[in-house]
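Asker: kindly return the folded structure for what I paste below:
(one chain, ligands or ions: 1)
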Amino acid sequence: MASSSSLLELPTDFRGDHHHHQLPSVVSVQELAKRPLTTIPTPFVSFDQEIPEETLHQPYVEAPILDLQLLTADHETSSLELAKLHSYCQEWGIFQHILIRRHMYVQLVNHGVDKSVIEKLRHEVEGFYKLPVEEKLRYKEQPGDYEGYGGTGRLKGRLEWGDRFYMNTNPIHRRKPHLFPELPSSFRESLEVYLEEVQKLAMKLMGLMAKALQTEAKKVEEMMDDGMQSVRITYYPPCPRPELVVGITPHSDASGITILNQVNGVDGLKIVKDGAWLPLTFLPHALVVNVGDILEVLSNGLYKSVEHSVAVNSEKERIAVGFFFNPRFDAEVGPATDIVGPENPPKFKRKGMEQYVKDYFAMKMEGRSNLEHMKIDNDGCRQ
Ligand SMILES: O=C(O)CCC(=O)C(=O)O
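Answerer: Next up is the predicted model:
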């Protein structure tokens with residue numbers, strides 16, 4: 001039987017010391033975790049302790065809930081719910097909305113994100129991760145690329161306890177031919193249906209957020225129309241020493257908004273709220289929405305792009321699908337021009353979306369560093 005280290009591809013100069021940023025790439029954490037591990041391989045061990053250990057034992061708090069049926073109800077009710085949306089985006093940067101009652105969705109997305117769409121996706125994603133590793137490696141992330149299966153190449157310090165599959169899914173002509181089009185057909189079809197539904201949902205939410213921000217919704221919708229869409233499907237295997245590893249490095253999403261689907265209902269997401277880590281729990285079948293960096297920039301800092309991370313556990317695997325909703329590549333990322341003015345001077349730079357994406361992927365994923373680079377005061381750069 002191969003040793004656990006054979007599942008790591010060590011660069012020739014890897015010294016196993018945590019200050020050394022040349023990390024091995026992992027072939028599959030899922031395969032590694034199937035072994036009876038007596039110790040956690042060094043590259044996974046988090047020495048930084050950026051998430052204090054005591055938060056591992058903190059009780060999970062229910063994420064705020066937003067009722068989308070109320071948001072689209074009569075004027076008085078929807079105004080109240082819109083005020084809630086506005087305050088969640090400022091104070092939490094995250095909320096969940098429920099899709100337990102199907103009719104709620106019909107109102108939201110015309111032909112409805114059906115529970116069966118979510119269930120089918122779960123079935124397919126679970127099926128994908130059950131495939132032999134050789135099958136999954138057909139989609140392996142290539143050196144210098146950030147799309148594909150595997151890959152923790154953009155990190156410093158240590159590896160994450162999870163396998164992931166990241167893909168750009170829109171515009172369609174930007175889909176990598178060896179990824180989405182080559183997925184097993186039932187997986188591809190169910191993902192396509194799911195993406196169509198969450199895309200509509202995200203557009204609806206973005207319009208409501210624009211309304212709450214008192215910026216022209218039409219302009220925001222135009223900016224997001226046929227925009228960059230991507231998806232990350234992550235499998236976090238159980239870990240015998242969960243306190244030593246992180247499922248995903250603390251980061252904020254570069255997106256406009258992210259819609260997260262905790263596919264198999266296992267909790268693990270933690271967010272930074274009021275300067276402290278807070279583990280969150282979600283209702284079954286809820287979709288979780290979080291504010292990304294682009295929305296924080298668009299709102300000129302009023303909405304908070306939430307820093308988050310994932311804790312793994314020793315018993316259950318966790319599977320999550322993150323959907324990233326972004327502007328079109330020819331749009332400009334920057335504070336909404338009708339929000340800023342002498343009373344509210346711009347806090348962020350403006351950048352074409354194409355450049356924004358390029359710059360983001362050239363960086364190491366870490367905390368809110370992407371947003372820091374967009375800040376005007378950070379390097380004295382003014383528009
Ligand atoms: O697994 C999760 O819940 C979050 C994943 C995440 O943060 C990401 O894919 O960017």
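Asker: show me which residues of the stretch 201-350 of the chain sit near the ligand.
Answerer: Selection of the stretch 201-350 of the chain residues close to the ligand by Cβ under 6 Å from any ligand atom yields 232, 234, 248, 253, 260, 269, 308, 310, 320, 322. The way it works is simple: take the backbone N, C-alpha and C, and place the C-beta from them, glycine included.
Asker: Throw those residues into TSV and include secondary structure, thanks.
Answerer: Shown next, in TSV, are those (DSSP: H, G, I helix; E, B strand; the rest coil):
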residue	secondary structure
232	strand
234	strand
248	strand
253	coil
260	strand
269	strand
308	strand
310	strand
320	strand
322	strand
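Asker: which among the residues you listed gets closest to residue 178?
Answerer: Proximity to residue 178 was ranked across these by Cβ to Cβ; first place goes to residue 232, at 17.4 Å.
Asker: pretty sure that closest one is touching residue 165, no?
Answerer: Yes. In this structure, residue 232 is within contact of residue 165 by Cβ atoms under 8 Å, at 7.1 Å.
Asker: which one of these two is surrounded by more residues?
Answerer: residue 165 (24 against 18; other Cβ atoms under 10 Å).
Asker: contact partners for the more buried one?
Answerer: Contact analysis of residue 165 by Cβ atoms under 8 Å, 6 or more residues apart in numbering lists 128, 136, 139, 148-149, 232-234.
Asker: in helices, which of the residues you listed appear?
Answerer: Taking DSSP state H as the definition of helices, the contacts of residue 165 contribute 128, 136.
Asker: buried ones among the contacts of residue 165?
Answerer: The neighbour-count test (16 or more other Cβ atoms under 10 Å) marks 128, 136, 139, 148-149, 232-234 as buried among the contacts of residue 165.
Asker: quick one, helices of the stretch 251-383 of the chain?
Answerer: 293-298, 353-362, 369-374 (DSSP state H, counting those that start in this stretch).
Asker: what packs against the first one?
Answerer: Meaning helix 293-298. With contacts taken as 3 or more Cβ pairs under 8 Å, 6 or more residues apart in numbering; DSSP states H and E, helix 293-298 sits against helix 185-213, strand 332-333, helix 369-374.
Asker: hmm, 6 Å instead?
Answerer: helix 369-374 (3 or more Cβ pairs under 6 Å, 6 or more residues apart in numbering; DSSP states H and E).
Asker: the helix it packs on close to the ligand?
Answerer: No. If you take Cβ under 6 Å from any ligand atom as the test, helix 369-374 misses the ligand, and the best it gets is 12.0 Å.
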